[in-house]
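Novice: sharing a model prediction with you, sequence too.
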Protein chains: 2
Amino acid sequence: MPEELRFVSSFKTGEMVAEQGAVILSEGTHSAHLYTLLSGWAFRFKTLADGRRQILNYILPGDLVGLQGSVIGEMEHSVEALSPLVLCVFQRDRLDELFGGYPGLGFDVTWLAAQQERMLDDHLLSLGRRTALERAAYLLSFLHQRSLALNIRRERIEIPLTQQHVADTLGLSIVHTNKTLRKLAGLGLVRWLGRACEVLDLDGLMKVAGWEGLSERKRPLI
Amino acid sequence: MPEELRFVSSFKTGEMVAEQGAVILSEGTHSAHLYTLLSGWAFRFKTLADGRRQILNYILPGDLVGLQGSVIGEMEHSVEALSPLVLCVFQRDRLDELFGGYPGLGFDVTWLAAQQERMLDDHLLSLGRRTALERAAYLLSFLHQRSLALNIRRERIEIPLTQQHVADTLGLSIVHTNKTLRKLAGLGLVRWLGRACEVLDLDGLMKVAGWEGLSERKRPLI
DNA sequence: CGCTTAGTTGAGTTCGTTCAACGACTGTGG
DNA sequence: CCACAGTCGTTGAACGAACTCAACTAAGCG
């Protein structure tokens, strides 16, 4: 275990900061690095040729960034910062060394990938089968809950995004997103704060969404 | 390499067959096994409390089944057979042995997980930002292409699903799915064959979908 | 032969979109 | 300090895509 910690430290080649709005990774490139997010919020997205954008998932502290690129080669999505970020930079070419020397860590990487897949499953269910109101409720309770799981000292949580981000996540137009969010606000479930959102009633939101919530889990250390 | 092959053989505890329509794994259970699909077609899905169903992805020969359950614990989706299946059964409790003794195989598992994630990303883009016609074109070209990649001896490919499956994948009603598929058929891109679909013009479909296609890749042996 | 499952089609309704305009706020240069 | 542009959020009205309801065909099977 201290062995693993030592390796993880050596695996790390440095830290990187990014400002809000910065694009960390771009679709189509062969990125040289693998990252872990240390602080801040970011999101992964893809775009169609004509510019339609879909946000795929959000990245919070502890999440790996760019694993797909490291494991497969080319990135097929982009990553952008929602807030100022601090990232931990790894050398992606030493990934096989990690799997070879520290099977526990290798398993952790797989665990993280499986976890990611699980979130995407939930998002797919949402996009495919929930109404606009349910979708919005799901998204905000999802993000609130993820943040809550990391937030040790129980601060007030503000989710740093614009309604355009919400629209691009839910697959809706901005106009209808706005009307939907106002409806949630009218129900006293959330509050909008210009470039950010606060969840007022998590249980209420989850009820509207018909969502069970994230399962409890212990995170690996990587 | 022969070492790895020998281990994979010992890792295998047997084969299992399932008939069309059989549910291999169910949401909420702690499955005892991990599988690889040897032949046939299946799909993963989730349902909302009121019965709305969303198909998340399709499973073709070579794909792992039940990895999430093995790595994390409880299954959060179900798996059903679209055709008669033959599955290879692994002991999930020996997964750590695999990671420990055969890092190359451990990496392969992660590779498969990353690959899966990539497909889900594409599906999300489709559900969120494509029109009904584009979505249907994407789905059918996606499935056709996946099948093509496995089909060594260039047989005619029939995708074994009903319009209800298509509807539950695209997030549409059956009625509208039908009208959309008829439109694709009218364009000479696909042909419907009762419980199955044949792609007549892959390039045409991909053009309608605005989709680049799956990137070439070599599969691991597991 | 009736029963079930899969697919088809039309009519009316609902949900979400597009278009358009406007208010509030922020930063920037004159 | 004010004028101006830019971003973000808000709202109404008209339109269109997709839904629901409902009826009907065709095929397969006991």
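Specialist: Ah, there it is. Residues are numbered from 1 along each chain as shown, chains lettered A, B, ... in the order given.
Novice: every contact and neighbour count from this point should use C-alpha atoms.
Specialist: Fine.
Novice: the helix or strand that contains residue A:56 near chain B at all?
Specialist: According to DSSP states H and E, residue A:56 maps onto strand A:53-59. Yes - with C-alpha under 8 Å from any C-alpha of the partner chain as the measure, strand A:53-59 is seen reaching chain B through A:53-56.
Novice: how about these in a markdown table, adding pLDDT, distance to residue B:66 and neighbour count?
Specialist: A markdown table is the format used below for the residues of strand A:53-59 next to chain B (pLDDT from 0 to 100; distance: C-alpha to C-alpha, whole Å; neighbours: other C-alpha atoms under 10 Å in any protein chain shown):
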| residue | pLDDT | distance to residue B:66 | neighbour count |
| --- | --- | --- | --- |
| A:53 | 98 | 31 | 19 |
| A:54 | 98 | 27 | 28 |
| A:55 | 98 | 26 | 25 |
| A:56 | 98 | 23 | 27 |
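Novice: need those residues in JSON lines (columns: distance to residue B:205).
Specialist: Shown next, in JSON lines, are the residues of strand A:53-59 next to chain B (distance: C-alpha to C-alpha, whole Å):
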{"residue": "A:53", "distance to residue B:205": "21"}
{"residue": "A:54", "distance to residue B:205": "21"}
{"residue": "A:55", "distance to residue B:205": "24"}
{"residue": "A:56", "distance to residue B:205": "24"}
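Novice: give me the number of residues near residue A:154?
Specialist: For residue A:154, the count of nearby residues is 9 (other C-alpha atoms under 10 Å in any protein chain shown).
Novice: hey, where'd the helices end up in chain A?
Specialist: Using DSSP state H, the helices of chain A run over A:2-11, A:67-72, A:95-101, A:103-129, A:132-150, A:163-170, A:174-186, A:202-209.
Novice: if we can go back for a sec, which other helices and strands does the strand holding residue A:56 contact?
Specialist: On a contact count with 3 or more C-alpha pairs under 8 Å, 6 or more residues apart in numbering or on different chains; DSSP states H and E, strand A:53-59 meets strand A:42-47, helix A:103-129, helix A:163-170, helix B:103-129.
Novice: give me phi/psi at the residue in chain A that DNA strand C sits nearest to?
Specialist: Nearest residue of chain A to DNA strand C, counting by C-alpha to the nearest atom of the strand: residue A:172, 3.2 Å away. Residue A:172 adopts backbone torsions of phi -120, psi 170, taken as degrees, to the nearest 10.
Novice: what's the distance between it and residue A:135?
Specialist: For residue A:172, the distance to residue A:135 equals 10 Å [C-alpha to C-alpha, to the nearest Å].
Novice: more neighbours: which of these two?
Specialist: The neighbour count for residue A:172 versus residue A:135, taken as other C-alpha under 10 Å, is higher for residue A:135 (26 against 21).
Novice: ok, the more buried one to residue A:122 distance?
Specialist: Distance from residue A:135 to residue A:122, by C-alpha to C-alpha: 11 Å.
Novice: name the residues of the helix or strand bottoming out on mean pLDDT in chain A that are buried.
Specialist: Least confident helix or strand of chain A, by mean pLDDT, DSSP states H and E, is helix A:2-11 with a mean of 81. Buried residues in helix A:2-11, counted by 16 or more other C-alpha atoms under 10 Å in any protein chain shown: A:4, A:7-8, A:11.
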